[in-house]
Each structure stands twice: as C-alpha cells, then as structure tokens.
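Engineer: Got a sequence here, can you model it:
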Amino acid sequence: MTTTSTLGELTGDYVLDPARTRIGFVARALLVSRVRGTFGAFEGGGRLDGDDPSRSAVRLAIRAESVRTGNDKRDDHLRGGDFLDADVHPSLTFTSTRVERAGATGFRVTGDLTVRGVTRPVTVDVELTGAGRDPGGAFRVGFTGRATLDRDDWGVSGGRGMVGRKVALELDIAAIRQS
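Structural biologist: Below is the predicted model of the structure:
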C-alpha cells in the first residue's frame, strides 16, 4: 500500500474493516498485573475530511457480549451485571461531536461514549498510521488511538479491590473508503 502525500487525499466516507481493526483495553488487576482484552464484534465508520477535520465525524457500536480476555470465567463476569451488563445493555457506542487536528498526522476526536446506558464525553487521541490503495484497488486508512477512562463514570464498579478504576482503550483502526 502506498502512502498519500496530503491529508486532503483522505477525504471520503469510510467503513471499518473488522478483519483488520482491533478494539482493546487494559486494566490494572490485583495491583501487580494487567488484564488485556478485546471486543470482537463491532461496526462503524464515518466521514473524514482531511482538509477540514472539523467537518469529520465517526461512529462506533460494539457488542458488549463480544468481550474477550483469554479467560472464559472472567469474560462471563465482565459480561454480567457487575461490569458491562450485556443482557440489559447489549451495545457500547461512541459518536463523535468534534474532530480537530493535533500535529501533522494526529487528531483529537471528542464524542459521546455510552456504556450501560450512561453517556459521557471522551476524547481519543488518534494518529494516522498509513493510507493508500491496496492490491485490489480499494483505498484504506489506518489509525491508532488511545484514551484513558475512569470506569466508575459509567457505573462499571464491579471487582472493587481486584481491578483498578482506570481503563486504557487501545484502538488499531483500519477503514475502507466507500466514496
């Protein structure tokens, strides 16, 4: 894949490539270790305006039941009422409210994150990692992103004493331009 020469060349409507996108998290556990996990089922996309990022917008919907940490018992606990409450709140959603440039290839994406029916503002720092046409001719973009959340802000208070309040979101985004 070749890299574009200007951000303006990125302008268009995109959908996530679920086979090449990773939505993950890291939380401190038992004071000495970290628990890493991912969400395997999600959909999203948006409009990217490389010349005027303020006209960009993104949306993401994640299936709460798709959480995976490599431990079935822990995954079931995370899906339950103490954490994500996936039976009552099957989706976590993010809808951007503002996108602004942050450096040569960086962006700050602010939006509303809804978890367990609670909506709070979040800002995700995003960095462009690549863009260009794949061998099949489709135009793709890649981004990494990170944000740190206090899970108590969304009422995710299970595991007190076993799991820290701060959760780092880690995003590796691949998207395909549709228009």
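Engineer: which residues in the chain form helices?
Structural biologist: 72-79 (DSSP state H).
Engineer: Distance of residue 34 relative to residue 40?
Structural biologist: To residue 40, residue 34 is 20 Å away according to Cβ to Cβ, to the nearest Å. Placement of C-beta: from N, CA and C, glycine included.
Engineer: For the two, indicate the residue with more neighbours.
Structural biologist: Each of residue 34 and residue 40 has its neighbours counted (other Cβ atoms under 10 Å); residue 40 has more, 14 against 11.
Engineer: burial of residue 76, as a residue count?
Structural biologist: The number of residues near residue 76, taken as other Cβ under 10 Å, comes to 11.
Engineer: so what pLDDT did it get?
Structural biologist: On the pLDDT scale, residue 76 is placed at 96.
Engineer: what do you get for residue 36?
Structural biologist: The model's pLDDT for residue 36 equals 97.
Engineer: Skipping its backbone neighbours, what lies nearest residue 63 in space?
Structural biologist: Closest residue to residue 63 apart from its sequence neighbours, by Cβ to Cβ, 6 or more residues apart in numbering: residue 41 at 3.8 Å.
Engineer: Ok, residue 27 next?
Structural biologist: Closest residue to residue 27 in three dimensions, ignoring its sequence neighbours and counting by Cβ to Cβ, 6+ apart: residue 167, at 4.8 Å.
Engineer: can you pull up the bridge partners for the one you found?
Structural biologist: Residue 167 has the following beta-bridge partners by DSSP bridges: residue 27, residue 149.
Engineer: Surely residue 44 and residue 59 touch.
Structural biologist: Yes. Look at residue 44 against residue 59 with Cβ atoms under 8 Å: they come within range, at 5.4 Å.
Engineer: need the contact list for residue 20.
Structural biologist: Each residue near residue 20 by Cβ atoms under 8 Å, 6 or more residues apart in numbering is listed here: 142, 174.
Engineer: Flag the shaky bits of this protein, pLDDT-wise.
Structural biologist: 1-5 (pLDDT under 70).
Engineer: Strands of that one, residue ranges please.
Structural biologist: Counting by DSSP state E, the chain has strands at residues 12-16, 22-29, 33-39, 42-48, 57-63, 67-68, 91-101, 106-115, 118-133, 139-150, 163-177.
Engineer: nearest to residue 82, of those strands?
Structural biologist: For these, proximity to residue 82 was assessed by Cβ to Cβ; strand 163-177 is nearest, at 10.0 Å.
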